[in-house]
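Chemist: based on what follows, work out the 3D shape:
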Amino acid sequence: QVQLVESGGGLVQAGGSLRLSCAASGRTFNSYAMGWFRQAPGKEREFVAAIRSASTTTYADSVKGRFTISRDNAKKTVYLQMNTLKPEDAAVYYCAAGSGIVLVHPTSYNYWGQGTQVTVSS
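Modeler: Below you'll find the predicted structure:
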């Protein structure tokens, strides 16, 4: 069993930066791939970024070059550094842990956090 708690969301002006954190509990954190998804009002949940246990990363095209996902296995924490934020990045951001193959799909994840709100003012 893994529990995930996100933090670091907030209000930022367009062009600004935020760093999201996701703290995990459980002894098997190192073996899971970790992902970040986001959901804006009226829209479906969409993939943002993922990192495997070996630290290989995958990004949505919309955030490539602006967002960076990383993990600290000793701290059981995954991070999402978000730079050059745009109003369209505003959403609730969710952290997820899973053992699936296709990390862009929500179905590859077994555990989800409660989400943290990111608001970007123009």
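Chemist: for the spatially most central residue of the chain, give its distance to residue 60.
Modeler: Nearest to the mean C-alpha position of the chain, by Cα atoms, centre = their mean, lies residue 36 at 2.3 Å. Remark: distance between residue 36 and residue 60 (Cβ to Cβ, to the nearest Å) = 9 Å. (Each C-beta comes from the backbone N, C-alpha and C, glycine too.)
Chemist: overlap in contacts of the two?
Modeler: 48-49 (Cβ atoms under 8 Å, 6 or more residues apart in numbering).
Chemist: show me the strands in the protein, by range?
Modeler: Listed in chain order, the strands of the chain (DSSP state E) span residues 4-7, 10-13, 18-24, 33-39, 46-51, 57-59, 67-72, 77-82, 91-98, 111-112, 116-121.
Chemist: so which of the ones you listed gets nearest residue 104?
Modeler: Nearest to residue 104, of all the strands of the chain, is strand 46-51, at 4.3 Å by Cβ to Cβ.
Chemist: which strands and helices lie in contact with that closest one?
Modeler: strand 33-39, strand 57-59, strand 67-72, strand 77-82 (3 or more Cβ pairs under 8 Å, 6 or more residues apart in numbering; DSSP states H and E).
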